[in-house]
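S.K.: sequence first, then the predicted structure:
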Amino acid sequence: MTVTSLPECGVARFLALLEGPWATLIVRELLHGPHRFTELRAALPGISPHTLTSRLRRFETYGLVTRTAYAEIPPRVEYRLTPLGEGLGPVLDTMARWATSIPDPAPPAEEPQER
């Protein structure tokens, strides 16, 4: 993976690190504790193995996640948020509170039928 400089603007930096919807959802899952790759895939229906791998590698590169491989048979690898990654918990809580405050749109009014 190519490591690129992050933008200086805080919001742009946040968006560069957590690009795409899957990144935020991966963090949401890891906030509950360490997960194996297959556990993350099961918790995120629709995510491809390639996307999950690339997001986890990116998080590891920037210090948001640690990857621990255990010398067992079969091999076991766990992903865990670092203290820096855990700092996203209050951010996601705030995002969730804000999002649930938005009312659902009213259903469209029925058009009168012509006779």
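M.R.: Arrived safely, thanks for sending.

S.K.: Leu18 and Thr24 touch, don't they?
M.R.: Yes - counting by Cβ atoms under 8 Å, Leu18 touches Thr24, with 5.4 Å between them. Glycine gets a C-beta too; all of them are placed from N, C-alpha and C.

S.K.: more neighbours, the two?
M.R.: Leu18 (21 against 15; other Cβ atoms under 10 Å).

S.K.: show the contacting residues for the more buried one.
M.R.: Applying Cβ atoms under 8 Å, 6 or more residues apart in numbering, we find Leu18 in contact with Thr24, Val27, Leu88.

S.K.: over to it: give its phi and psi.
M.R.: Leu18 adopts backbone torsions of phi -110, psi 50, taken as degrees, to the nearest 10.

S.K.: distance of it relative to Gly85?
M.R.: 11 Å (Cβ to Cβ, to the nearest Å).

S.K.: what sits in contact with each of these two?
M.R.: With Cβ under 8 Å, 6+ apart as the test, Leu18 and Gly85 both reach Val27.

S.K.: go through the helix or strand hosting Ile26 and flag the buried ones.
M.R.: Ile26 is part of helix 20-30 when elements are defined by DSSP states H and E. Neighbour counts over helix 20-30 (16 or more other Cβ atoms under 10 Å) mark Trp22, Ala23, Leu25, Ile26, Val27, Arg28, Glu29, Leu30 as buried.
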